[in-house]
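sequence? don't have it. structure:
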Ligand code: PLP
């Protein structure tokens, strides 16, 4: 990121030459010294065009250098809480500062204080990816900076949103009766879906609210492996987090359908009102997939809203060999998919599909007088489909990345991640010191260190936590941990286009070395002769 001014200048000359002469006349002499941003501001107005161009070239180099050098950086900083804040002035700036100075601080303070989610050895959560085209998509969105609230305020943003939602719908194999809307996150998606479920179960809630109407107590069912966004939605909608019933999962971490049926039956007997079931395709810890067709049957029989949380797993429906994933989806009322997890779009980009999306519009449309004129001609104003009025032009970055990779390109990356996940699983299975803690699903591997002990119990939990802490503190790889059946386990998620077999092998070697260090074990010692503490 440093020392790029020479290259920047040469590159700028090349770029200018390749563009031909039309814009040339307006440009500054590249050999002239850079003015220091807005230090000399006496005048108003934006950065002068030629200076802005120079800064953009500089930033282009910065971005390319960051990508090129990413692997050399620590994945996570060894910062202590508060250290970054202390390095920054607490007083807001009165005087203008130059872009060079700001960029230098980004290099000096911000970059070393980052967890680099795009680093090839970042193996946490579901894996994460940043790609060249996705960066370009973000960049091109910035100068437009539109508000995609109504068609009239941004025709192209509105229509492109409809187009990319349609593309994703086709890739997922969803029937055309599902319409969609782009939100920031799946948590926001499920909240909107449940608001529609609530309105249909308790008509006029939108107008009258929930109180003093003698309404039953509504219940939402989801598995003990489902994401906490279920409770968050219940909190936001006044349904109460205690009314989210966590249904037991089976030994493969899939919702136990008979337990669901029992919970619904029990609640009905107690005059509680089953409102919705949230079934997950790709749970947060293990990426397990709930049995959607059986769950859908229970929902149909009891007139319960079915929401599918495909935040992570939904994207795998792009692969023909994963088409089985979408079985039963057509029976759902709503489905959320996070292309910012698996379909290569940068954060944030989540799509909520609702069967007959008019149901969603009816709950949220509200046109104040000052916006009426903006809404007259259009069939679709996305502000009508949620609580947000101002909306980013998120569709553009998706359009750029999806065109740049094509479905085939994305599928090729996903297949490689699947291959790597299975390969890591083989390494774990081949080691008597580790065991798999869940079936490998999609790009997720859950495993733990057992120090060669069959049926290792909770005494090994702290060791597994420590392994994750130490690996992360090393700055060489980054992992997550979770609990499964009460046991602490280590978790790897693969999804980064930069992660190769070499990175995974290096991470595996580091995990092994760290495990033996924190357990004070000589790997050559047979398990039976090891100290009790790790048995
Ligand atoms: N659903 C599942 C299965 C998840 O794993 C997550 C987050 O990891 C979410 C929902 C929430 O996603 P978001 O951060 O987009 O709200």
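Sure, I can see it. Note that this is a predicted model, so its numbers are computed, not measured.

what are the ranges of the helices in the stretch 401-535 of the chain?
Here the stretch 401-535 of the chain has its helices, by DSSP state H, counting those that start in this stretch, at 461-474, 501-518.

next, format the ones you listed as JSON lines and append mean neighbour count and distance to residue 345.
Yep, even glycine has a C-beta here, placed from its N, CA and C like the rest. As requested, these are exported to JSON lines (neighbours: other C-beta atoms under 10 Å; distance: least, C-beta to C-beta, whole Å):
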{"stretch": "helix 461-474", "mean neighbour count": "18", "distance to residue 345": "26"}
{"stretch": "helix 501-518", "mean neighbour count": "18", "distance to residue 345": "23"}
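
which one of those helices lies closest to residue 262?
Closest to residue 262 of the helices of the stretch 401-535 of the chain is helix 461-474 (C-beta to C-beta; 30.8 Å).

elements contacting that closest one?
If you count contacts as 3 or more C-beta pairs under 8 Å, 6 or more residues apart in numbering; DSSP states H and E, helix 461-474 packs onto strand 444-449, strand 480-484, strand 487-493, helix 501-518.

contacting residues around residue 130?
67, 117-118, 346, 496 (C-beta atoms under 8 Å, 6 or more residues apart in numbering).

and of the residues you listed, the nearest to residue 200?
Taking C-beta to C-beta as the measure, residue 346 is the one of these closest to residue 200, at 34.3 Å.

phi, psi for the residue nearest to the closest one when sequence neighbours are not counted please.
Leaving out its chain neighbours, the residue that sits closest to residue 346 by C-beta to C-beta, 6 or more residues apart in numbering is residue 134, at 4.6 Å. Backbone geometry at residue 134, expressed as degrees, to the nearest 10, gives phi -70, psi -30.

touching, residue 134 and residue 402? I think so.
No - applying C-beta atoms under 8 Å as the test, residue 134 and residue 402 come out as separate, 10.0 Å apart.

what residues does the chain put near the ligand?
185-187, 227, 229, 280, 282-284, 309, 311-312, 338, 350 (C-beta under 6 Å from any ligand atom).

change it to 5 Å
For the chain, the residues in contact with the ligand (C-beta under 5 Å from any ligand atom) are 185-187, 227, 229, 284, 309, 311.

out of those residues, give me the two with the largest separation.
By the measure C-beta to C-beta, 185 and 284 form the most distant pair in those, at 13.4 Å.

neighbour-wise, which of the two wins?
Applying other C-beta atoms under 10 Å to residue 185 and residue 284 shows that residue 284 carries more neighbours, namely 21 against 17.

on that earlier part again, quick one: which of the residues of the chain next to the ligand is nearest residue 202?
Using C-beta to C-beta, these come closest to residue 202 at residue 229, 21.5 Å.

how close does the closest one get to residue 185?
According to C-beta to C-beta, to the nearest Å, residue 229 stands 8 Å off from residue 185.

that older thread, same list, the helices and strands packed on helix 461-474, but as TSV with distance to residue 289 and mean pLDDT please.
Shown next, in TSV, are those (distance: least, C-beta to C-beta, whole Å; pLDDT from 0 to 100):
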stretch	distance to residue 289	mean pLDDT
strand 444-449	11	97
strand 480-484	16	96
strand 487-493	16	96
helix 501-518	24	96
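
could I get the ones you listed in a markdown table, plus columns for distance to residue 324?
A markdown table is the format used below for the helices and strands packed on helix 461-474 (distance: least, C-beta to C-beta, whole Å):
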| stretch | distance to residue 324 |
| --- | --- |
| strand 444-449 | 18 |
| strand 480-484 | 24 |
| strand 487-493 | 21 |
| helix 501-518 | 27 |
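
so which of the ones you listed is nearest residue 56?
Each of the helices and strands packed on helix 461-474 has some distance to residue 56 by C-beta to C-beta; the shortest is helix 501-518, at 31.9 Å.

list the helices and strands that closest one packs on?
Checking 3+ C-beta pairs under 8 Å, 6+ apart, helix 501-518 ends up next to helix 395-429, helix 461-474.

residue 73: which of these is closest?
For residue 73, the closest of these is helix 461-474, at 13.0 Å, according to C-beta to C-beta.

for this structure, which segments are assigned as strands?
178-183, 218-223, 244-247, 273-280, 305-310, 334-337, 350-355, 434-436, 444-449, 480-484, 487-493 (DSSP state E).

just those strands: most buried one?
strand 334-337 (a mean of 29; mean count of other C-beta atoms under 10 Å).
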